[in-house]
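>>> give me the fold of what follows.
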Amino acid sequence: MTKPLDPQPNSDAPNPGIIFETLNLHQRSAALHAAIELDLFSAIARGHRTVEALTEHLKTDQRATRILCDFLVIAGFLTKDNETYGLPPVSAEFLDRASPKYVGSIAKFMNSPDLLEAFKDIAQVVRTGTTTLSRDGTTATEYAGWIEFARSMAPIMMPAAMFMADMATRERPGAVRVLDIAAGHGMFGVALARKNPQAAIVALDWAPVLEVARENAAAAGIEDRYTLLPGDAFEVDYGGPYDVVLVTNFLHHFDPATCEKGMRKIADALAPAGLVLTLEFVPDENRIEPPIGASFAFTMLGTTPKGDAYTFAEYDAMWQRVGLTKSRMVDVPNSGQRLIFTQR
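Have a look, this model is predicted:
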């Protein structure tokens with residue numbers, strides 16, 4: 001709930017409300033997931049704004065619909081005026097299926113059974129230092145969850161993809177060969193190819209995941225400049241040389257030694273004047289700010305054997321050890337992520 005319990009109003013005494021609120025946060029996630037699955041936000045956007053109208057339109061139970069809608073008002077996802085519900089700006093822009101910025105599909109991956117299972121026994125994870133998921137968690141060879149990731153997460157990645165495309169085109173204009181490592185949905189390479197009509201993209205990922213990237217490249221009309229490279233990013237021959245290498249949301253899954261193994265392959269495949277763009281959740285040196293970047297370490301704790309959210313100093317040191325000595329970082333607008341530029 002948005003308002004913690006306050007057993008002692010106007011008092012400076014410690015308030016246990018945050019404990020109650022945090023232990024109940026799973027209910028908030030479940031409510032949002034249900035509303036997305038029911039397409040509740042789109043129904044309200046289309047004019048079904050009362051419990052009765054929503055019940056008839058969605059074919060749901062009246063009592064349950066009322067309780068869900070009121071809960072979503074309390075959580076900030078709906079508004080309520082007398083008995084009429086509405087959409088606040090964030091829901092209208094991102095949760096109405098008719099909006100070009102709709103991101104509701106991300107619930108399929110973020111609330112997938114594997115990811116929920118990963119956080120059921122964090123005490124055991126802390127005892128052992130590794131995920132309770134079978135095999136190697138989300139780093140397992142050809143982990144099936146990455147197919148759902150590729151299909152579900154593209155919309156929320158688009159602002160960062162467009163920003164990276166702008167940066168890459170500004171830094172390395174003209175005819176360039178681009179390697180997109182852990183391409184997933186492919187939208188980082190696709191955005192760059194659309195921004196720069198002289199860019200040729202090589203997308204690297206597991207073969208089943210690359211089918212999603214290929215579909216997105218075809219839909220964007222850049223398939224003739226889009227080549228698939230299926231395989232393990234730590235083992236497959238990259239080819240090269242590449243003028244630009246995109247490393248997006250990949251390195252955080254691994255320990256430093258494994259990261260450096262991949263970085264060395266990147267350095268070997270990079271053209272002399274080449275540029276590496278690393279998109280990551282990068283905390284400040286204190287590891288508690290900014291909240292999105294810093295808290296991502298907890299995501300890695302639950303879902304990977306040895307992953308982490310590394311600081312800029314740690315990334316810089318790893319790149320330097322593989323021969324790429326110049327790195328700088330910028331914040332990605334409208335995102336909790338940061339972009340690192342690295343070259344020789």
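>>> can you name the next helix or strand after the longest helix along the chain?
For the chain, the helix with the greatest residue count under DSSP state H is helix 154-171. Towards the C-terminus, the helix or strand next in line after helix 154-171, according to DSSP states H and E, is strand 176-181.
>>> tell me the angle of that following strand relative to helix 154-171?
In this structure, strand 176-181 runs at an angle of 150 degrees to helix 154-171, with axes from the mean of the first three to the mean of the last three Cα atoms, to 10 degrees as the basis.
>>> leaving out the residues flanking it, which one is nearest to Arg321?
Using Cβ to Cβ, 6 or more residues apart in numbering and skipping residues adjacent in sequence, the residue nearest Arg321 is Glu260, 6.1 Å away. (Each C-beta comes from the backbone N, C-alpha and C, glycine too.)
>>> what's the distance between that neighbour and Phe312?
Computed with Cβ to Cβ, to the nearest Å, the distance linking Glu260 and Phe312 is 16 Å.
>>> and if you look at Arg28?
32 Å.
>>> with Ala118 instead?
Ala118 sits at a distance of 27 Å from Phe312 (criterion: Cβ to Cβ).
>>> of these two, who's got more company?
In terms of neighbours (other Cβ atoms under 10 Å), Ala118 is the more surrounded of Ala118 and Phe312; the figures are 21 against 17.
>>> mind listing the helices for the stretch 151-300 of the chain?
Taking DSSP state H, counting those that start in this stretch as the test, the helices found in the stretch 151-300 of the chain are 154-171, 187-195, 207-219, 256-269, 291-303.
>>> so which of the ones you listed gets nearest Phe41?
When those are ranked by distance to Phe41, counting by Cβ to Cβ, first place goes to helix 154-171 at 14.4 Å.
>>> list the buried ones in the closest one?
154-165, 167-169 (16 or more other Cβ atoms under 10 Å).
>>> follow-up on the earlier one: who touches the longest helix of the chain?
For helix 154-171, the surrounding residues in contact (Cβ atoms under 8 Å, 6 or more residues apart in numbering) are 101-103, 105-106, 176, 178, 185, 187-188, 190-192, 194-196, 199, 216, 244, 246, 248, 275, 277, 279, 330, 332-335, 337, 339, 341.
>>> need the buried ones from those residues selected in PyMOL.
To isolate the buried subset of the contacts of helix 154-171 in PyMOL, counting by 16+ other Cβ under 10 Å, use the following:
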select buried, resi 102+103+105+106+176+178+185+187+188+190+191+192+194+195+196+199+216+244+246+248+275+277+279+332+335+337+339+341
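>>> chain neighbours aside, what residue packs nearest to Asn213?
You called it Asn, but residue 213 is Ala. Among residues not flanking Ala213 along the chain, Gly186 sits closest, at 2.8 Å (Cβ to Cβ, 6+ apart).
>>> right, and that neighbour touches Glu211 too?
No. Gly186 sits out of contact with Glu211 when judged by Cβ atoms under 8 Å, with a separation of 9.9 Å.
>>> those two - which one has more neighbours?
The residue with the greater number of neighbours, taking Gly186 and Glu211 and applying other Cβ under 10 Å, is Gly186; the counts read 29 against 17.
>>> report the secondary structure state of the residue lying closest to Phe312 once chain neighbours are set aside.
The shortest distance from Phe312 to any residue that is not its chain neighbour, by Cβ to Cβ, 6+ apart, is 5.0 Å, and that residue is Met329. Met329 carries the three-state label strand when classified by DSSP: H, G, I helix; E, B strand; the rest coil.
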